[in-house]
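K.L.:
Provided below are the primary sequence and the corresponding predicted coordinates.
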Number of protein chains: 2
Amino acid sequence: MWMPSQLPEIAGQLRAAGFQGEPGDLAELAKPPMNAVVKVGGATGAFVSADGLVLTNHHVAFGVIQYNSKPERDLIGNGYIAADRAAELPANPDYRVLVTTGFDKITDRILAGARGKRGRAYYDAVDAATKAAVAECEREAGTRCSVANMYYGTDFYLIRQLELRDIRLVYAPPDAIGNYGDEVDNFMWPRHSGDFTLLRAYVGKDGKPADYSPDNVPYQPPGHLQIGTDPVREGDYAMLAGYPGVTFRHRMASEFKQQIEWQLPSRVALFDRMIDTIEAAAAKDADAKVRYAAQVASFKNTLKRAQGELDGLRRSDAVRVRGQDEAAMLTWLDKQPQAKATRADIDAAQKVLDASAATRERDQLLSAIRNQTQLLNAALTVQRLALERAKPDAQRESGYQQRDEVLITGRLKQVQRRYAPAVERELLLYLLKQYKALAPNLRVAEIDQVFPGEDEAAIRRGIDAVYARTGLGEEAARLQAIGADAKTLQGADDSLLQAAAILTPAFMRLEDEGKTRDGELLRLRPAYMRALIGYRKSQGRAVYPDANSTLRVSYGKVSTMDPRDGVRYRPLTTVQGIIEKHTGTAPFAAPQALREAIAQGDFGSTADPELKTQTVDFLTNLDTTGGNSGSPVLDAHGKLIGLNFDSNWEAVSASWMFDPRYKRAIHVDMRYLRWLLAKVYPAPHLLKEMNLPAE
Amino acid sequence: MWMPSQLPEIAGQLRAAGFQGEPGDLAELAKPPMNAVVKVGGATGAFVSADGLVLTNHHVAFGVIQYNSKPERDLIGNGYIAADRAAELPANPDYRVLVTTGFDKITDRILAGARGKRGRAYYDAVDAATKAAVAECEREAGTRCSVANMYYGTDFYLIRQLELRDIRLVYAPPDAIGNYGDEVDNFMWPRHSGDFTLLRAYVGKDGKPADYSPDNVPYQPPGHLQIGTDPVREGDYAMLAGYPGVTFRHRMASEFKQQIEWQLPSRVALFDRMIDTIEAAAAKDADAKVRYAAQVASFKNTLKRAQGELDGLRRSDAVRVRGQDEAAMLTWLDKQPQAKATRADIDAAQKVLDASAATRERDQLLSAIRNQTQLLNAALTVQRLALERAKPDAQRESGYQQRDEVLITGRLKQVQRRYAPAVERELLLYLLKQYKALAPNLRVAEIDQVFPGEDEAAIRRGIDAVYARTGLGEEAARLQAIGADAKTLQGADDSLLQAAAILTPAFMRLEDEGKTRDGELLRLRPAYMRALIGYRKSQGRAVYPDANSTLRVSYGKVSTMDPRDGVRYRPLTTVQGIIEKHTGTAPFAAPQALREAIAQGDFGSTADPELKTQTVDFLTNLDTTGGNSGSPVLDAHGKLIGLNFDSNWEAVSASWMFDPRYKRAIHVDMRYLRWLLAKVYPAPHLLKEMNLPAE
C-alpha cells in the first residue's frame, strides 16, 4: 500500500517484479495512470474513456442503481444499458466522484502549534491546524480537501480533490451477474461475479464541477485507462491503485498482543453472550424476534469477522512474528544516535497504551451499554445533542453537528422497528452484571448512581426504575426530545431521560480521557514509526504508512493460493463455474441470457487461449483492504486487466498483518466485462468509446 | 479394471503410459508382482517380505485389531508393534488371506448343460455346473475355489486360491492415525490418514495352510513386493492390483436410464420419506429415538450415497453418453455378420428388463416392507427358515443354510435394541399406503389378505390386527421360533407369525420370478457383451469385464483433480495438513507423539525433495471400487509406492460410469509408513525385514 510518491524509491522492486513502465511516472498524480484513479462513493473507480466514463463495482454503484429503480423499471434485477448519452440516468445528488489533484506534505504547518504541548492540548492544536488548512484549501470552488495523517502523526499531507457532482448511470449488469453469489460467496474463492458498473461524470459547460443539469456535458478527464486485450495468466505482473480505508500493521507489538489475546477473543465472547441473551429473551415472542433480527444478524457478522481475524492472526503466528520484529528493531535502535530520546517516547507511548488497557474491560462494556441498546441509546443521544447544541456548530462534537441532525432523527425513528422492552432490559441486565463484576477502581459513579446495588435482583430493580416512567418507546416522544434543549430535558418527567441526564456527563468525561490519550499517542507514536522506518531502511526496505483512505498502490502478480494442505485455488475462474453454481434461486440464479450465451460458447476475442473458454474473475496477491473496492488492476504495461471487488476469507486478518501466504485479492477479469458488453447484454457504443474490439 | 490375462493385449497402452516393466509378466499369476497380491478380509493386501508379511489397510484389518484389544490393552487407541515374532497376535479364527494361484477359463464346462435351456432352467444349470466345479477344485486341501462370471455370462473362470488361515497382527498405528478423519473425511480429499496395518501369514511346519498353532511358521510366499524409496511426483506412472467388488459399466443404455431417472431418485425419495416417518413417530419418545438411531443413520447414509451417485451420473451426463454409445454400437452391429441373431437376443434381453421395470415400484416397496421392519422381518425370517430347513442343506436358499443359522440368531437377538412398536407400525403404514396406491395388476393377493382395505383407517386396522397378539417382541419367543418347524409355527397362536406364514409363499414366488428373469438375462446378455466387445475392437479398444471381486489391474498416474471451477486438488498431502485438521477431538485427535515428531521435522530419507516435508497421502486417477481397499499401488518399475484406501466423493458414481475428469483413488504414501516406522512408532526390525532404510 505504497503512496504514489514512494514508488520511485522502490523502482528496483517494481522492475524486478515485471513492471515494464517507468516507476517515476506512477508518482505523478497529474499523469496517467494515477490521474485516472478516482474515489467513488467511499471506494475506488477509474476513468476508462476520454469522455468521463468511470468503471467501478456494481456494489459501489449500487445506490445509484437503486435510486433509479422503480417498480416498473427494475434496474437492479434487469440491469441497465443507456442506449445513448441522453439515456444516462442521474445518480442520487449526494453521489460523488473525487479526483485527487494535489498531495502535499504540510507536516510543519500542522505540527507548528502542537510542538511543546501534550495530551489534549496537542490533540486540539493538530485539530485546529487541520481545520484551518482544509478551510483555506476549499476556498477554490469544486475542490474538496482533507489532511491525511501518515505514519501515525509523523507526517501530514494536504489532499486536494476535484469534486465531480453530476454522476450518471451508463451500464449495469443484472444484479444476478453483478452480485452473483452475494453473501454466500462473499470473501470466498472461487468467485463468479461480474461486479462492475459504468458511470459517467458530467460537468458544467465551463468544464467545472456542477450539480446535475440536463445542460451539463461529459467531463473530459486529463487521463484515462485503456482496458487491455491480452490474456491474463498465472504469474503475470499486476498492480492496483485505490483508496484503502484503514490498516493497523505498524501498531506496536503490545497492541498486536492485545488484539489477539484480548480484544478479539473478548469481542467474540461478548457478542456471543449478547446474541444468546437476546435470543433467549425473544425466544417466546415472535414479534420481538423480528425486531431484533437485524441486530442479531449484525452481531453474528461482527462475531464471524472477529473470529476470522483471530483465526488468521493465530495462523500467521502474529504475536510472535510482530514481537520478534519489534525486539529486533529495538536492539538496532539502541545502537543509533538519539536512541535514548526515541526509547523514552516509545516507553511513554507504551505507558499510555497500558493505561488504556487497564480500563479496556470497562470501556468495552460501557460502549455496549451505550451503543447496543435502543431506548437507552436514544435517551443518551438526545441528552448529548441538547448539550452540543448549546455550542457554536463548528465546536460541536463530530456526529452532533447541524448536518448530523437529519441522520439522528432518522436513527431515532428506526428505534420503533428494532426495540422490544423485555429484550432491552435483559441485554442491559447482562451487561450491567458484567460491569458490577469489575474491580472497584473501574467503576463509574454515575452508572452506580443510576443502577445501584450489586446483585442481580438489585440491578433488575434499577433497570425497572429507569424504564418505569418513560415515553421514549413512542416515536413522537423521541422526536419531540430531539428538539428540546438541555433545561427542558432536565425538567422532563421521564425516568429514562433523567437517567440519561446523569449518565451523559460520565460518558463525556470518559471521551475526554480518550482524547487526551489520543493526543499523547499522536505526539509519541512518531518516535516508534521513525525507529521502524530507520530499522527497515537498514534492511534495505521501505515502509508504507498504514492505510487511511488516501491513494495507494500495490503490486504483485496473478497468483494461486493454497488455502489448506492438498488444495490449491486456481487463479482464473471460468463461465463453467457459473453453470456449476447455478441453482435458479438467488444468489445463484444466473440470467437465462447468460446461461444461453455460455452454452452457445461464442466467446470471440475474449476467450482465454489456454483455458479455451471465457474467464470470469481472477486472483492476485495484491495488497488491499476495505475501500479498495473498484480499484483498477493494471498489467505490466499499465493496461487495465481487472477490477478489484473482494478478498478471500483467509485475508480478513490482513488489516493487522500482511501474510503473503494467505492474502489474496479478487478481481473481475476485464475480458468478462468485454464479453458481456459484446455478446450477452450488448453495448457496442460503449466498447467503441473504450476503444475495444466489437467482439 | 483389467484381468491380468488381458494386459499383454494392452501392452502398448501400458508402455505409452510409462510402464517400464514387461507387460507380459503382469499376466502371470505365479510371478511377481501378481503372486504377491492377495485377498484379505474381503478386500486386498500384498506380501511385502519373504517371510509372509502382509500389508493392508487399518480398516481392513480392524477386526483383527479389535479382536486383540482388551480394556487393559487398547490396541485400537494405542496401536500395536510386535517386538518380535513371538509377540505377533493371532487374528480371529475366521480371518483369511487368499492367494490366487489359478485362473482358468471353463466357459464350456459351465454352459454345457445350460445350452438350449431358458429362464429358470438356464439359471439352475449354470448354478449346478458351478457348484460341481467348485466342489471338485476344493478337493485339494488348503484350497478355496470359486467360479467367476465374466462379461455377464459370456465367460466363466475357475479361480483357485491358497487359503491361509493363521494370520497374525504385526504392526498397527493408533486408530487416530490409521483412521484420522474417519467419517468426516471419508470420500474426501485432501486426506491425512495412515490407513495401513501389517499382518503376517503363518503355515504349518510342512508349509501348508493350517489353523493357528504356536508351532506354525511364517509363510514363505513365492513372491513379494518391494516398497520403493523414490519420491512420488505429479504425473508419475502408477498401477494398482486388487479385488474390486462390483461395477455396472457394461449394463445396457436402458439400465443406465432407469438407474438415473428412476432407481436413484426413487431410492432418495423412499429413504427420505422413511426417515421422516421414523423421526416423526419417535419424536416424542426418547427411548424410541435411541432404538432407531442406527437405522436412521444407515438410511441417511444410503440416501447420501444415492444422491452422490445421482449427482455424479448427471454431472457426467451418463444417460446421453451411454445412450449415444449404445446407439453407435447397434449401428455398427447391423453391418456385421450374424447381426440379426445378436439383435434378437439383445431385444429379448431388453424385454426382460422392461418386464422387470413394470414391477419395480412394487418390488422396491415389498423389499422395504420385508427388510426395513424389525419384528415383521423377524417373523418372515423364522417362517422362511422353517421352510428351508425341511430341505437338504445344499439345496437350501443361500442365507438360510446351516452355516447361516448362527448369524440369523444373532440378528434376531439384536431386534430388541432396534425396535419400538409405534415406530414400526408407522413405517409399515407409510409403506402399505404406497403399496395400496399401486396399479391393481401389481397387487399381491397375500399382502391384501393380511392387510385388507384401501384407506388409511383400514390399513391401520390391518396393522393393529397383525401386531395385536404377538410374543415376538420378546427375545425368548423369537429364539424359540427359530428352532421351530413349519408345522409348529403354523399352529402358533401369534398374530404376527400367522401373518408371516401367509406372506412368505408370496415373497418366495416373487423371488422365483426374479430367478427366472436372472436366468434369461444370463442367457441373453452375452449377445450384448459380444457386440460391445466387437464394436470396441473395431475402435481399437479392449474391454474389461465389469468388476466381480476377482483380481484386476488398473493403470494411470499420480494426478491432480479439479473438483469445481477455480479449485484444484493437489496430488500429495503433507503432515502440515494433519496439524491443520487437528482439533484434539476425534476424528481429528492426532496423537501427541505424531504432533511432536511433525514439529521436530526430522523426516530423514522419507522427506519429499520438492515439498521439503513429509508427505502423507496421494491421489491417482486409478480405477477402483469397493474391494480395492488395501490394493498395492506400484510405480513404473513395479515398486510399491502406495496403499489404496479410499476414493473421492465425486467418484461415487464410478460404479456405473468411469468419468476420467472425476474418478480418483486415494492412497497412503509409503514414505509416510516408512517415516512412522522409522521415527514415530519405531519398528526398525520390520524396516529391516522389508529391506528398507532404517531412517
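P.N.:
Done, it's in.
K.L.:
quick one, helices of the stretch 501-650 of chain A?
P.N.:
Assigned by DSSP state H, counting those that start in this stretch, the stretch 501-650 of chain A shows helices spanning A:575-581, A:592-600.
K.L.:
what's the residue at minimal distance from the centre of chain A in contact with, if anything?
P.N.:
In chain A, the residue lying closest to the centroid (Cα atoms, centre = their mean) is A:Gly626, at 4.3 Å. By Cβ atoms under 8 Å, 6 or more residues apart in numbering or on different chains, A:Gly626 lies in contact with A:244-246. (C-beta placed from N, C-alpha, C; glycine too.)
K.L.:
Just the buried residues of those.
P.N.:
The neighbour count (16 or more other Cβ atoms under 10 Å in any protein chain shown) marks A:244-245 as buried among these.
K.L.:
just the contacts of A:Gly626 now: which is nearest chain B?
P.N.:
Chain B lies nearest to A:Pro244 out of the contacts of A:Gly626, by Cβ to the nearest Cβ, at 25.0 Å.
K.L.:
low-scoring stretches of the stretch 251-400 of chain A, by residue?
P.N.:
Judged against pLDDT under 70, the stretch 251-400 of chain A has no low-scoring part.
K.L.:
Most proximal residue of it with respect to chain B?
P.N.:
Nearest to chain B in the stretch 251-400 of chain A, going by Cβ to the nearest Cβ, is A:Arg315, at a distance of 8.9 Å.
K.L.:
For that residue, grab the count of nearby residues.
P.N.:
15 (other Cβ atoms under 10 Å in any protein chain shown).
K.L.:
Contact partners for it?
P.N.:
A:650, A:653, A:659, A:662.
K.L.:
Can I get the helix or strand where A:Val352 lies in CSV? Just the C-alpha atoms.
P.N.:
Taking DSSP states H and E as the definition, A:Val352 sits inside helix A:339-358. Taking C-alpha atoms only, helix A:339-358 is exported to CSV below (Å, rounded to 0.1, in the frame of the first residue of the first chain):
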residue,chain,number,x,y,z
ALA,A,339,18.4,6.2,20.8
LYS,A,340,17.7,7.4,24.3
ALA,A,341,15.2,10.1,23.4
THR,A,342,13.4,7.8,21.0
ARG,A,343,13.2,5.0,23.5
ALA,A,344,11.8,7.4,26.1
ASP,A,345,9.0,8.4,23.7
ILE,A,346,8.3,4.7,22.8
ASP,A,347,8.2,3.8,26.5
ALA,A,348,5.9,6.7,27.2
ALA,A,349,3.6,5.6,24.4
GLN,A,350,3.6,2.1,25.9
LYS,A,351,2.5,3.6,29.2
VAL,A,352,-0.4,5.3,27.5
LEU,A,353,-1.4,2.0,25.9
ASP,A,354,-1.0,0.3,29.3
ALA,A,355,-3.3,2.8,31.0
SER,A,356,-5.8,2.3,28.2
ALA,A,357,-5.5,-1.4,28.6
ALA,A,358,-6.2,-1.1,32.4
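K.L.:
gap between A:Asp455 and chain B?
P.N.:
37 Å (Cβ to the nearest Cβ, to the nearest Å).
K.L.:
State the phi and psi torsions of that residue.
P.N.:
phi -90, psi 170 (degrees, to the nearest 10).
K.L.:
Tell me how many other residues surround the closest residue to A:Tyr180 other than its chain neighbours.
P.N.:
With sequence-adjacent residues excluded and distances taken as Cβ to Cβ, 6 or more residues apart in numbering or on different chains, A:Tyr180 is closest to A:Ser193, at 4.6 Å. Neighbourhood size, A:Ser193 [other Cβ under 10 Å]: 28.
K.L.:
Mind pulling up the pLDDT for A:Ser193?
P.N.:
Looking at A:Ser193, its pLDDT reads 98.
K.L.:
Report the secondary structure state of it.
P.N.:
Classification of A:Ser193 using DSSP: H, G, I helix; E, B strand; the rest coil returns coil.
K.L.:
just checking, it touches A:Asp617?
P.N.:
Yes. The pair A:Ser193 / A:Asp617 is scored as a contact, 6.5 Å apart, by Cβ atoms under 8 Å.
K.L.:
hey, what's in contact with both of these two?
P.N.:
Common neighbours of A:Ser193 and A:Asp617 (criterion: Cβ under 8 Å, 6+ apart): A:Val668.
K.L.:
can I assume A:Arg320 sits in a strand?
P.N.:
No. With three-state DSSP as the criterion, A:Arg320 is located in helix rather than a strand.
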